[in-house]
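K.L.:
Predicted model follows, preceded by the sequence.
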Amino acid sequence: MVMANPSLLLKSVFIFFLLPCLSWSCPEYQKQALLQFKSSILAINSSFHALDSWNSSSSNCCLWDKVTCNSPSSSTSTSGVVIDQLLLSDILTLPMLSNLLAPLFFIRSLRVLDISKNSIKGQIPALGLGNLSNLVHLDLSRNRFNGSIPLQLFQLKYLQYLHLGSNKLQGGLSPKVGSFQDLRMLNLSSNRLSGELPEEIGNLTKLQQLSLGSNKFSNGIPSSISYLRELEELDLGNNSLSMEIPSDIGNLSNLSSLSLGNNKLIGGIPASMQKLNKLDSLDLEGNFLTGEIPFWLFDFKDLQELYLEGNNLTWNDSMKIVPKCRLFGLSLKSSGLQGDIPEWISTQRNLFFLDLSMNQLHGPFPQWLTEFHFLSFLILSHNKLSGYLPTVFFPTTPLSILALCHNNFSGELPENIGDAKVLTILMLDRNNFSGPIPQSISQISGLELLDLSRNRLSGNIFPNFDHQVNLLYADFSSNQFSGEVPTTFPPNIETLALGGNKFSGALPSNLTKLRNLRRLELQDNNISGELPNFLLQISYLQVLNLRNNSLQGSIPKTLSNLQNLRILDLSSNNLTGEIPIEFVNNLTGMTEAPPNRTSQTSNFVAAIAISSLTIVPTSQTSGATTVKAFSSKIFSTEFAINELIVNWKKSKQGLSSHNIDMYFLLDLSNNQLSSEIPASLGALKALKMFNLSFNKLFGKIPASLGDLQNVEGLDLSHNKLSGQIPITFTKLQQLTTLDVSNNQLTGRIPVGGQMNTMANPNFYANNSGLCGFQIHVPCPGDLPPAPKLQEHDNKEPWILLEAVGIGYPVGFLLTIGIIFLVGYFNPSPPSNSRHLRHHHHHPHR
């Protein structure tokens, strides 16, 4: 037997394994398409490095990052492999136009294309994507695509996964969507799509996930949706869908998650839903649903999340609930609950989120809540709950959000409240809590929002917050605190509300350590001294409210250096001197009104809630913990911070914190200011409210105030202003309230524009020289001239009187004479005497 040469055998084996590798290379034209795509990016962003492995020196693009190759499906293909998948998610650092994608559309072998999270702008490339006829998976989500959904997408007959969510797509959903015979997942959520949902959506019988939430779809939910028997997740929330929930929605027997919240749905919860025995999440909040909350909802063994808030549903207190579910999230906000907190909730020991706010619940804080060891979000606000807060609650519960505002809780705050180490939002406002603030509260490092306003808290020593505490918003207003204005807050705090207390003394210089302050409210206290120059060091300040204190001295010129200031209220103090001309030099926050501003404050509150949502323990088995992610939607609008109270259009009004960036206000009223009104104030074109009333201002009203193009309320009353109301006031197109009463103004009230609607005489009162139709006082030039009488016209009345005086006796004598003559020359027979008498008296009739 001849033995084989080992070296020859080795070579043969090497060649055998090498042959497939030599053919495992993508086609050259596909490689060039990828290089052209990369080149297009580099032409815009030279620092782009996400695709560094893509280079011409590498002959095999199948080995490049984010590229996957496979054998071609076509048996006639001569190439060994082709590009099968491009996973290009989140590679771009700069927004780019959609035409950048053009080279990729030459790779017609693509089955999977993911370009999500890239901020790509422009319309979805219709023809290019239409060429990729082998696509099974297409993900264009979280970009900036606009325009409509191209019809060419509906021709991709192999498509099983289509994600276009989180873009800016508009228009309707074409009935051609029904042509996706193999589609398993369709996500069009978070766009601007509108119109009716087509009945053809019922043709997608293999669909397992349908997400159309957060659009503008309207009218009813198509009944054909009940044909989607494979559906496991259905999200139609946050649209404008109306009419009733389809009665046969219970046919979706595989459904585990159903979200119909925040629409305009009416009617009751369909009884057919009882058949959805796989349901683990049900969201019906924010509709117009009516009827009783059905007891069978609590029979779903897999149910974990139930959100029914914001409807017209009612709770049957006589209903005995023995839940079969183990809930992690429950919201019965505004559901007509009365009496004590329902006892059956005590069985839900795995609750992570509980919202029972805006009901008629009363009684004490339940002791069994202290045994909920997973409870992170507890919202019981807007009820009638009373009594003390149990001290055992804080160390045993992993609270992240605690909202108990608008109740009747009383007593002192527990000293161990600081044991709630992960607390992010604490809202205890509008209760009857008394005593001092516990020092331990300053040790909660993650605390971001703290609202203790409108209680009966007192004391003159505030907690000394550590610099590491993350506190951004703190409201202690409307309590009974005293002493100096506290400054023991972390330097990153943005909103500090201390109004409506008994703070006294001068403004402390340590306020400058709060360098990130945007909103400082100290109104309705007993603060004295002068306005300090160091306020200019709080350079981010946007709202400064010092109304109704005992401040003296003049307004410092340095206030003009607060460039971000938008609301300044110094009213009802004892300020003297002049309004500085320099006062408006740098107040760009009041001179420019950017369109469509969004409130940073409201965004901040939403950001707190969303950042707090991470994971939720769902089960513990053999020491292992599984987790369930909770949706942030349930918290996005839950926590509205207090309004800013100002004098607005002749009355105290609250400016909503959700859109406070829309307001621009300057109020210097009720002081002792004595000067002319600087003409430079006309540069504050962003102002909506401008109040200089109840001062000692003199001189003429500057014509430049007519340049306050956004002003809605202008109050110059109770001063010593003279001259005329400027004709430029006719340019104030937003003006709704004007008060110039109790001055020394003269002349005609201007006519035209909004001035024609400023017709309340009280707002012009006690200006003896004013005239105009607004106050029903004609001006000298308003009456038409009386017609000039001629000389004979002047005498005509006297001639008439003389004629009357002479005419009667002359007429009488002439009549007697005529009768005598007629009777003398022509005696009448007796029978005609009546006729003659009648005839001669005819002229007197």
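P.N.:
That came in fine, so what should we check first?
K.L.:
any idea where the strands of the stretch 151-300 of the chain begin and end?
P.N.:
Secondary structure of the stretch 151-300 of the chain (DSSP state E, counting those that start in this stretch): strands located at 161-163, 168-169, 185-187, 194-196, 209-211, 216-219, 233-235, 240-244, 257-259, 264-267, 281-283, 288-292.
K.L.:
Reformat these into JSON lines and put distance to residue 528 next to each item.
P.N.:
In this view, the C-beta of every residue, glycine as well, is placed from N, C-alpha and C. Converted to JSON lines, those look like this (distance: least, C-beta to C-beta, whole Å):
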{"stretch": "strand 161-163", "distance to residue 528": "63"}
{"stretch": "strand 168-169", "distance to residue 528": "54"}
{"stretch": "strand 185-187", "distance to residue 528": "61"}
{"stretch": "strand 194-196", "distance to residue 528": "59"}
{"stretch": "strand 209-211", "distance to residue 528": "60"}
{"stretch": "strand 216-219", "distance to residue 528": "55"}
{"stretch": "strand 233-235", "distance to residue 528": "58"}
{"stretch": "strand 240-244", "distance to residue 528": "55"}
{"stretch": "strand 257-259", "distance to residue 528": "56"}
{"stretch": "strand 264-267", "distance to residue 528": "55"}
{"stretch": "strand 281-283", "distance to residue 528": "54"}
{"stretch": "strand 288-292", "distance to residue 528": "54"}
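K.L.:
Include mean neighbour count and mean pLDDT when you put the ones you listed into a markdown table, please.
P.N.:
Below are the strands of the stretch 151-300 of the chain laid out as a markdown table (neighbours: other C-beta atoms under 10 Å; pLDDT from 0 to 100):
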| stretch | mean neighbour count | mean pLDDT |
| --- | --- | --- |
| strand 161-163 | 21 | 97 |
| strand 168-169 | 18 | 97 |
| strand 185-187 | 21 | 97 |
| strand 194-196 | 15 | 97 |
| strand 209-211 | 20 | 97 |
| strand 216-219 | 16 | 96 |
| strand 233-235 | 21 | 97 |
| strand 240-244 | 16 | 96 |
| strand 257-259 | 22 | 97 |
| strand 264-267 | 16 | 97 |
| strand 281-283 | 23 | 96 |
| strand 288-292 | 15 | 95 |
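K.L.:
Of those, which is nearest residue 513?
P.N.:
strand 168-169 (43.0 Å; C-beta to C-beta).
K.L.:
That closest one packs against which elements?
P.N.:
Applying 3 or more C-beta pairs under 8 Å, 6 or more residues apart in numbering; DSSP states H and E, one finds that strand 168-169 contacts strand 144-147.
K.L.:
List the neighbouring strands of the strand it packs on plus their orientation.
P.N.:
In the sheet, strand 144-147 lines up against strand 120-123 (parallel), strand 168-169 (parallel) (DSSP bridges).
K.L.:
what residues are up against the spatially closest residue to residue 553 that is not a sequence neighbour?
P.N.:
Nearest residue to residue 553 in three dimensions, chain neighbours excluded: residue 530, at 3.5 Å (C-beta to C-beta, 6 or more residues apart in numbering). The contact partners of residue 530, taken as C-beta atoms under 8 Å, 6 or more residues apart in numbering, are 506, 551, 552, 553, 554, 556.
K.L.:
Okay, now the unreliable bits of the stretch 501-650 of the chain?
P.N.:
Within the stretch 501-650 of the chain, the segments meeting pLDDT under 70 span 583-585, 593-643, 646, 648-650.
K.L.:
Same question for the stretch 701-845 of the chain.
P.N.:
Using pLDDT under 70, the stretch 701-845 of the chain drops low at 783-845.
K.L.:
Strands of the stretch 451-600 of the chain, start to end?
P.N.:
With DSSP E, counting those that start in this stretch as the criterion, the stretch 451-600 of the chain has strands spanning 456-459, 473-475, 480-483, 495-497, 502-505, 519-521, 526-530, 543-545, 550-553, 567-569, 574-577.
K.L.:
partner strands of the fourth one, parallel or antiparallel?
P.N.:
Strand 495-497 has the following sheet partners, assigned by DSSP bridges: strand 473-475 (parallel), strand 519-521 (parallel).
K.L.:
Stretch 722-736: which residues count as buried?
P.N.:
For stretch 722-736, burial by neighbour count (16 or more other C-beta atoms under 10 Å) applies to 724, 725, 726, 728, 729, 730, 731, 732, 735.
K.L.:
now, among those, which is nearest to residue 410?
P.N.:
Of the buried residues of stretch 722-736, the one sitting nearest to residue 410 (C-beta to C-beta) turns out to be residue 735, at 47.3 Å.
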